[in-house]
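**Q** take this sequence and fold it.
(one chain, ligands or ions: 1)
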Amino acid sequence: MIRISVPGTSANIGPGFDTLGLALNIYNYFRFEEISHGIEITGCNKEFSNENNLVYKSMLKVFDKIGYLPKGIKIDIDANIPVSRGLGSSAACILGGVMGANCLAGAPLSKEEILEIATEIEGHPDNIAPALFGGLVISIMEDSKVIYNKFDVYTGIKFVALIPDYTLSTKDSRAVLPATISHKDAIYNISRVSLLLSSLSNGRFDLLKYAVKDSLHQPYRGRLISGFYDIINKCEEIGCLGLYLSGAGPTIMAIVDEKDNDFILKIKKYLKSINYTWEVKELRLDSYGTIIEEIN
Ligand code: HSE
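**A** As a prediction, this is how the structure comes out:
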C-alpha cells in the first residue's frame, strides 16, 4: 500500500495569473493499492466513487503513458482541501493520482515528467507546481514544457483564507475573463508581479498591499463573489498586509503578519455581522510539497 499527501495551493497570488502559486499546510491524503480486479474508491461521496473520479482518471493517464496494466485499483481518499474554492483541490487529486500510479508501477517517471503529465491534465501549472514541490513556485509554459523555479519566501507572514460556503468552478470563473487585454493592463500586472516577488524575497511586506493588485482577472471575477469589495475594504482596514483572490476563487486570501492574532478575530466578527457563512482558516506555507509517506 502507498500513502501520499498533497498540499493545497493558492494560485495567482494576485497579479501572477496562471504563473505563481504557493503551497499551504492543508492536505489531501491518498492510499493506493493494486488489487486482484476492479475499482474500489472509498472516502468520497458515492457520486465520485467510480471511473470518473479525478484521482482514478489521472492514474489511467500514467498507466497509459508508461504501458502498465494493473489488475485492479483501490483508492482511499481523505480530503481536507475544500473543493472548488480556489485552494487547489483538483490539482491535489490529479497529483495524488499521478504519483500513486507512478509508485504502483515501480516509479519509472521523474518529478519533471510527473509535473508535465499533471499539468497537461489540469491545463495550467500554477497549482500543480507548488503542490508538487512546496513553497512558492513560478512556473511558465514553453511550448508544452513546464519551466519552473521554486522561490524562498522571507519569514514573518501567514495566510488567512476566507472561504465562502459556495463553490465556483474554475471553468465558470475563467469564462468571465476577456479574450484580450490592453497594453496598460499588461504593464500593470508585470510591474506588480516584479514588486511582489522582490518584496516576498527580502521581507518588504509593507509593499504587498500594492504588489498583490491585479487587472487581468480579479476585476472580472470579483463580481461573482458577493461582498467581495466590502470584505477587501474591511481586511485592509483591520490590518492585513495584502489581499487577493485565491486561484479562480471564491476564497479570498489575506496575507497577515505572523504575529498578528487580532486579524482573525476581527474578520470573523465582521463576516458574522454581514450574515455570510464564511469559514476562516489560518494557514502557513508548506515547504515540502507532495510526499510519499509510506510504501509497504
Ligand atoms: N490560474 C488559474 C486561474 C488557477 O486563475 O484560473 C485556477 O486553477
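
**Q** and the stretch 151-296 of the chain, which of its residues are near the ligand?
**A** Neighbours of the ligand within the stretch 151-296 of the chain, by C-beta under 6 Å from any ligand atom: 170, 174, 217, 247-248. Every residue, glycine included, has its C-beta placed from N, CA and C.

**Q** repeat the analysis, applying 8 Å as the threshold.
**A** Residues of the stretch 151-296 of the chain lying near the ligand by C-beta under 8 Å from any ligand atom: 170, 173-174, 177, 217, 221, 247-248.

**Q** just flag the most distant two among the residues you listed.
**A** Largest separation among those by C-beta to C-beta: Leu177 and Gly247, giving 13.2 Å.

**Q** among the residues of the stretch 151-296 of the chain next to the ligand, which are in helices?
**A** 170, 173-174, 221 (DSSP state H).

**Q** what about the chain, any weak spots by pLDDT?
**A** Across the chain, the ranges flagged by pLDDT under 70 are 275.

**Q** which residue ranges make up the domains of this protein?
**A** 2-152+286-294, 157-283 (the TED database).

**Q** where along the stretch 1-150 of the chain do the strands fall?
**A** 2-11, 20-35, 38-42, 72-79, 136-142, 145-151 (DSSP state E, counting those that start in this stretch).

**Q** want to throw the ones you listed into CSV with mean neighbour count?
**A** Shown next, in CSV, are those (neighbours: other C-beta atoms under 10 Å):
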stretch, mean neighbour count
strand 2-11, 27
strand 20-35, 22
strand 38-42, 13
strand 72-79, 18
strand 136-142, 19
strand 145-151, 16
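
**Q** Throw the ones you listed into TSV and include distance to Arg192, thanks.
**A** Shown next, in TSV, are these (distance: least, C-beta to C-beta, whole Å):
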stretch	distance to Arg192
strand 2-11	16
strand 20-35	11
strand 38-42	42
strand 72-79	33
strand 136-142	14
strand 145-151	16
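
**Q** can you give me the end-to-end distance of stretch 277-296?
**A** Terminal residues of stretch 277-296 lie 42 Å apart, using C-alpha to C-alpha, to the nearest Å.

**Q** other residues contacting that stretch?
**A** Applying C-beta atoms under 8 Å, 6 or more residues apart in numbering, the set of residues contacting stretch 277-296 from outside is 1-8, 22-26, 29, 82, 95-96, 99, 103, 130-136, 153, 158-165, 264, 267-268, 271.

**Q** now the residue in the chain sticking out farthest from the centre: how far from Ile295?
**A** When distances are taken from the C-alpha mean of the chain, Ser36 lies farthest, 34.4 Å away, according to C-alpha atoms, centre = their mean. Separation of Ser36 from Ile295 (C-beta to C-beta, to the nearest Å): 20 Å.

**Q** for the ligand, what are the nearby residues on the stretch 1-150 of the chain?
**A** So far as C-beta under 8 Å from any ligand atom goes, the stretch 1-150 of the chain lies against the ligand at 11-12, 17-19, 21, 86, 88, 90-91, 122-124, 126-127.

**Q** redo that, cut-off 6 Å
**A** 11-12, 17-18, 124, 126-127.
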